[in-house]
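Student: sequence? don't have it. structure:
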């Protein structure tokens, strides 16, 4: 492999790894480093509604760009971090949060996993307990009719 091919491969690899950090474009960034740092921190908790499992800073989707600009506009207008998040949630719904709250109906979603595990464990316990109490086929004695039939079968074979 030539040196040029290796350099080209490494460059492609570096660009692929760095792609998520390039989602925030320079024209979106705020001039004030403190406000920009707050915007980045808020963006970490907001889901891109197009990409689903990416935060808006990692996504190249147009909607993510709109949300990044919206966050920065609200911060520039003087909103607190909480006000910015509340504004975005009011506008797009709680699904926009990467970590939804446990308020309202969401408590059921948070509790569903442990509840299902407990229910499954309870069902397994009831099943296994019932099986241990059931009579085993080898313990049941043959009736006289069955013993006579067995004797006839064995006599025919022998």
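Tutor: That came through, no problem. Note that the coordinates shown come from a computational prediction; the quantities given were computed from them, not determined experimentally.
Student: low-confidence ranges in this protein?
Tutor: Where the chain drops to pLDDT under 70, the residues are 1-5, 8-22, 25, 27, 102, 104, 137-140, 158.
Student: In it, which residue is most central in space?
Tutor: The residue lying closest to the centre of the chain (CA atoms, centre = their mean) is residue 53, at 8.2 Å.
Student: contacting residues around it?
Tutor: residue 47 (CB atoms under 8 Å, 6 or more residues apart in numbering). Where C-beta positions appear, they are placed from N, C-alpha and C, glycine not excepted.
Student: what kind of secondary structure is it in?
Tutor: Classification of residue 53 using DSSP: H, G, I helix; E, B strand; the rest coil returns coil.
Student: Kindly report the same for the one 5 residues further on.
Tutor: Counting by three-state DSSP, the backbone at residue 58 sits in coil.
Student: number of nearby residues for it?
Tutor: 18 (other CB atoms under 10 Å).
Student: Next: residue 48.
Tutor: Residue 48, neighbours per other CB under 10 Å, totals 24.
Student: Show the backbone phi and psi for the closest residue to it other than its chain neighbours.
Tutor: Among residues not flanking residue 48 along the chain, residue 59 sits closest, at 3.7 Å (CB to CB, 6 or more residues apart in numbering). Dihedral pair for residue 59: phi -90, psi 140, per degrees, to the nearest 10.
Student: how close does residue 59 sit to residue 127?
Tutor: In this view, residue 59 and residue 127 are 46 Å apart by CB to CB, to the nearest Å.
Student: For those two, indicate the residue with more neighbours.
Tutor: residue 59 (25 against 10).
Student: residues touching that one, list them.
Tutor: 23, 48, 50, 51.
Student: and the gap between the first one and residue 48?
Tutor: Translated: residue 23. From residue 23 to residue 48 the distance is 9 Å (CB to CB).
Student: Okay, buried residues for the helix ranked longest in the chain please.
Tutor: Longest helix in the chain by number of residues (criterion: DSSP state H): helix 106-133. Of all the residues in helix 106-133, not one is buried under the rule 16 or more other CB atoms under 10 Å.
Student: Centre of the chain to the very next helix or strand once past it, how far?
Tutor: Remark: after helix 106-133, the chain's next helix or strand is helix 144-157, criterion DSSP states H and E. How far helix 144-157 lies from its chain's middle: 63 Å, per CA atoms, centre = their mean, to the nearest Å.
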